[in-house]
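Participant: just need the structure, nothing else, for what follows:
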Amino acid sequence: MTTMDDVARLAGVSTSTVSHVLNGTRKVNAETRLRVEEAIEQTGYRRNVVARALAAGRTNTVGLSISALTNPYFGSLVHAVERALSDAGYVLIVGDSHDEAESEKRVVDSLLGRKVDGMIVAPAAGSERASLPEIARAGTPLVLIDRGADIESDQVGPENESSAKALTDHLLDIGHTRVGVVRGLAGISSTTERFDGYVAALSDRGIDLDASLIVDGESNTEAAERGVYALMSSADRPTALVSMNNAMTIGTLKAIRRLGLSIPGDVAFVCYDDFEWSDLFEPKLTAAAQDVETIGATAVELLLRRIQGDDGAAQHIRVPTTFHHRNSCGCA
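Facilitator: Reported below is the predicted structural model:
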């Protein structure tokens, strides 16, 4: 491995002069700087950034544990986090938890082993018993993103319950009384909150919760497609549907197409999560859009404060969604 001493010998200067050229810690005359730069190029010398960072007590890296990177929403969220961290001079290391506690633990162990300066986690079901206590024991600054947990930590996510209620209210407002719901993965706070919003909307109208109208879509396309296909094949199918995330929305649309049904002619449809290309669908999807950029940037802002030593009370921040009224609901 080429060392700084090798560069110094080739350039005919001291090791300290090479260091000054590399780090800009002292003015070096132009001729000497040129010799050092040429020697660096000839030897292929690379600074050991990790070793230098560890010696300084920082690696300028942040770990992110998140599920289902193939989900468009999570892909956008990772991009928002990475951009905010890059602007602050940090490198992001991402691991996919696959929404499983054991996978998440492996991701967290790996990130902690890399001495990341902080962690951002979208907790899987069971995190409170496994990964999150481990991060706390390591003393690594932590922010939860998208989903919450019952721990003392900064948490940033979308406004779930009121947004899901608004979607369901809209279907009820236009006359539907049999409204089905495609519910997300059990054990995750966002699933509970969005379903609570659906239930609250029904309760406000005096409509009893009907278990036959609930599809457990497990926050993925395949489960949602199976469940919606079965629901919409029944004689007493709902006249409207609300899907609680965009992966399940894709599955819902697939099931409805397979059955030869139309939206909104046969079933009115609204969804939580918006796609960048939602208005390219026909019909265009009525949706609650999350502010991914704000969620990502806020999580990074909170984490950097903790990395810099802020020991104030944990903050729980909810970012409002935006209701996009299009024509899949049948009234636009």
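
Participant: from here on, contacts and neighbour counts on C-alpha atoms
Facilitator: Fine.

Participant: quick one: contacts for the nearest residue to residue 253 once chain neighbours are set aside?
Facilitator: In space, and not counting its chain neighbours, residue 253 is closest to residue 225: 7.7 Å by C-alpha to C-alpha, 6 or more residues apart in numbering. When contacts are counted by C-alpha atoms under 8 Å, 6 or more residues apart in numbering, residue 225 touches 217, 248, 250-255.

Participant: take the residues you listed and keep only those in strands.
Facilitator: Of those, none are assigned to strands by DSSP state E.

Participant: make JSON lines from those and add pLDDT, distance to residue 141 and neighbour count to it.
Facilitator: What follows is those, written out as JSON lines (pLDDT from 0 to 100; distance: C-alpha to C-alpha, whole Å; neighbours: other C-alpha atoms under 10 Å):
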{"residue": "217", "pLDDT": "97", "distance to residue 141": "33", "neighbour count": "28"}
{"residue": "248", "pLDDT": "95", "distance to residue 141": "33", "neighbour count": "29"}
{"residue": "250", "pLDDT": "93", "distance to residue 141": "36", "neighbour count": "16"}
{"residue": "251", "pLDDT": "96", "distance to residue 141": "37", "neighbour count": "25"}
{"residue": "252", "pLDDT": "97", "distance to residue 141": "39", "neighbour count": "28"}
{"residue": "253", "pLDDT": "95", "distance to residue 141": "40", "neighbour count": "20"}
{"residue": "254", "pLDDT": "96", "distance to residue 141": "42", "neighbour count": "19"}
{"residue": "255", "pLDDT": "98", "distance to residue 141": "43", "neighbour count": "23"}
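
Participant: give the burial count for residue 31, as a bare number.
Facilitator: 8 (other C-alpha atoms under 10 Å).

Participant: re the thing from before, just the element for the residue nearest to residue 253, please.
Facilitator: helix 221-233 (DSSP states H and E).

Participant: just the mean pLDDT for that helix, thanks.
Facilitator: Averaging pLDDT along helix 221-233 gives 97.

Participant: repeat for stretch 316-332
Facilitator: Rounded mean pLDDT across stretch 316-332 is 93.

Participant: list the buried residues in it.
Facilitator: 317, 319-321, 323-330 (16 or more other C-alpha atoms under 10 Å).

Participant: which strands or helices does the helix or strand that contains residue 171 pack on?
Facilitator: Using DSSP H and E, residue 171 maps to helix 161-173. Applying 3 or more C-alpha pairs under 8 Å, 6 or more residues apart in numbering; DSSP states H and E, we find helix 161-173 packed against strand 179-183, helix 189-204, strand 240-243, strand 268-272, strand 286-289.

Participant: which parts of this protein belong to which domain?
Facilitator: Following the assignment in the TED database, the chain carries domains at 4-47, 59-158+292-319, 160-291.

Participant: would you single out the least confident of those domains?
Facilitator: Across the domains of the chain, the lowest-scoring stretch is domain 4-47, with a mean of 84.

Participant: unless I'm mixing things up, residue 147 is touching residue 190, no?
Facilitator: Yes: between residue 147 and residue 190 a contact is recorded at 5.7 Å, counting by C-alpha atoms under 8 Å.

Participant: those two - which one has more neighbours?
Facilitator: Remark: of residue 147 and residue 190, residue 190 carries more neighbours, 22 against 19, as counted by other C-alpha under 10 Å.

Participant: check contacts around the more buried one.
Facilitator: So residue 190 contacts 146-148, 160 (C-alpha under 8 Å, 6+ apart).

Participant: what do you get if the cut-off is 6 Å, keeping everything else the same?
Facilitator: residue 147 (C-alpha atoms under 6 Å, 6 or more residues apart in numbering).

Participant: how close does it get to residue 274?
Facilitator: From residue 190 across to residue 274, the span is 16 Å (C-alpha to C-alpha, to the nearest Å).

Participant: on that earlier part again, dump the contacts of residue 225 to a markdown table, plus distance to residue 165.
Facilitator: As requested, the contacts of residue 225 are arranged in a markdown table below (distance: C-alpha to C-alpha, whole Å):
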| residue | distance to residue 165 |
| --- | --- |
| 217 | 18 |
| 248 | 18 |
| 250 | 21 |
| 251 | 22 |
| 252 | 19 |
| 253 | 21 |
| 254 | 24 |
| 255 | 24 |
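
Participant: what residues of the helix holding residue 225 count as buried?
Facilitator: Quick answer for helix 221-233 (16+ other C-alpha under 10 Å): 221-229, 231-232.

Participant: chain center to it: distance?
Facilitator: Centroid displacement of helix 221-233 relative to its chain, using C-alpha atoms, centre = their mean, to the nearest Å, is 25 Å.

Participant: between that helix and strand 179-183, how big is the angle?
Facilitator: For helix 221-233 against strand 179-183, the angle by axes from the mean of the first three to the mean of the last three C-alpha atoms, to 10 degrees is 160 degrees.

Participant: what about the strands in the chain?
Facilitator: Counting by DSSP E, the strands of the chain are 61-66, 91-96, 118-121, 142-145, 154-158, 179-183, 214-216, 240-243, 268-272, 286-289, 316-319, 322-324.

Participant: could you dump these to a markdown table with distance to residue 12?
Facilitator: A markdown table is the format used below for the strands of the chain (distance: least, C-alpha to C-alpha, whole Å):
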| stretch | distance to residue 12 |
| --- | --- |
| strand 61-66 | 35 |
| strand 91-96 | 35 |
| strand 118-121 | 42 |
| strand 142-145 | 48 |
| strand 154-158 | 53 |
| strand 179-183 | 69 |
| strand 214-216 | 71 |
| strand 240-243 | 69 |
| strand 268-272 | 65 |
| strand 286-289 | 61 |
| strand 316-319 | 57 |
| strand 322-324 | 64 |
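
Participant: since that was my last question, I'll sign off now.
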